[in-house]
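Asks: Fold the following for me, if possible:
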Amino acid sequence: MADPARPMRADARRNYERIVAVAKETFAAEGVDVPADDIAKRAGVGAGTLYRHFPTRDKLIEAVYRDEIDGLAQRGFDLLEELPPGEALEKWLATQVIYVVEKHGLAMTLKASVDAGSEVFAWCQSRLRSAADTIVKAAQEEGVIRADVTGIDILRLGHGVGSAASKASEEDTKRLLAIVLDGLRVS
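Replies: Numbering: from 1, shown residues only. Purely as a prediction, here's the structure:
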């Protein structure tokens with residue numbers, strides 16, 4: 001990928017974003033073993049452009065994983081700007097559950113492909129924790145959730161309900177989420 005200290009030209013940024021978007025769709029539909037040349041063709045770029053941005057398959061997988069996690073975290077920050085903190089927390093927890101249910105296979109494949117000690121993995125953890133901590137703190141300051149709840153609790157609960165929901169009906173998923181939310185609220 002280009003030197004991170006130097007901003008990309010607008011056309012290079014568009015190509016990068018298009019490659020990541022196409023790779024995300026392709027990985028979700030066909031798995032991460034799709035040939036890079038197929039991704040380049042579908043993105044409407046040459047193989048050289050793809051390899052200039054992503055010299056290895058691992059770098060492309062890392063970019064897709066980072067983009068997925070960044071979107072999930074950003075949704076939390078956006079909800080906090082749009083809604084009162086308690087509602088933002090509820091919606092973000094539901095968003096996490098939906099993410100786990102809908103993207104479980106892709107997320108697990110991407111996560112397994114990203115080295116747990118890598119800069120990308122550390123960035124993703126930090127980004128999610130920052131969003132979770134920010135929402136939890138705001139909801140606590142509003143007085144709607146317990147003082148002993150942490151951001152990591154919210155991430156674990158979202159993942160847990162999402163994992164359970166993948167084998168449950170929509171009605172059961174809503175009920176599980178309501179139970180968790182009731183447990184987080186101030187008595």
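
Asks: buried ones in stretch 65-73?
Replies: 65-69, 72-73 (16 or more other Cβ atoms under 10 Å). Glycine gets a C-beta too; all of them are placed from N, C-alpha and C.

Asks: Show me the residues you listed that map onto helices.
Replies: The members of the buried residues of stretch 65-73 that map onto helices under DSSP state H are 65-69, 72-73.

Asks: from these, which is closest to Val100?
Replies: Nearest to Val100 among those, counting by Cβ to Cβ, is Leu72 at 10.0 Å.

Asks: Thought Thr95 was touching that closest one, still the case?
Replies: Yes - using Cβ atoms under 8 Å, Leu72 is in contact with Thr95, at 7.0 Å.

Asks: Between the buried residues of stretch 65-73, which sits nearest Lys41?
Replies: Asp67 (20.2 Å).

Asks: any idea how far Gly160 is from the closest one?
Replies: 24 Å (Cβ to Cβ, to the nearest Å).

Asks: If you rank every helix and strand of this protein by mean pLDDT, what lands last?
Replies: helix 85-113 (a mean of 82; mean pLDDT, DSSP states H and E).

Asks: Tabulate the ones in helices among the buried residues of stretch 65-73 in CSV, adding columns for pLDDT.
Replies: Converted to CSV, those look like this (pLDDT from 0 to 100):
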residue, pLDDT
Tyr65, 85
Arg66, 89
Asp67, 92
Glu68, 88
Ile69, 91
Leu72, 95
Ala73, 97
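
Asks: Contact partners for the residue nearest the centre of the chain?
Replies: In the chain, the centroid-proximal residue (Cα atoms, centre = their mean) is Ile69; its distance is 2.4 Å. By Cβ atoms under 8 Å, 6 or more residues apart in numbering, the residues touching Ile69 are 124, 127-128.

Asks: Serialize the residues you listed to CSV and add fields for distance to Lys137 and neighbour count.
Replies: Converted to CSV, those look like this (distance: Cβ to Cβ, whole Å; neighbours: other Cβ atoms under 10 Å):
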residue, distance to Lys137, neighbour count
Cys124, 20, 23
Arg127, 16, 18
Leu128, 15, 21
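
Asks: Now, those that are in helices?
Replies: Filtering these for helices - DSSP H - leaves 124, 127-128.

Asks: In TSV, list the residues you listed along with distance to Gly31.
Replies: Listed next are those as TSV, based on distance: Cβ to Cβ, whole Å:
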residue	distance to Gly31
Cys124	21
Arg127	25
Leu128	24
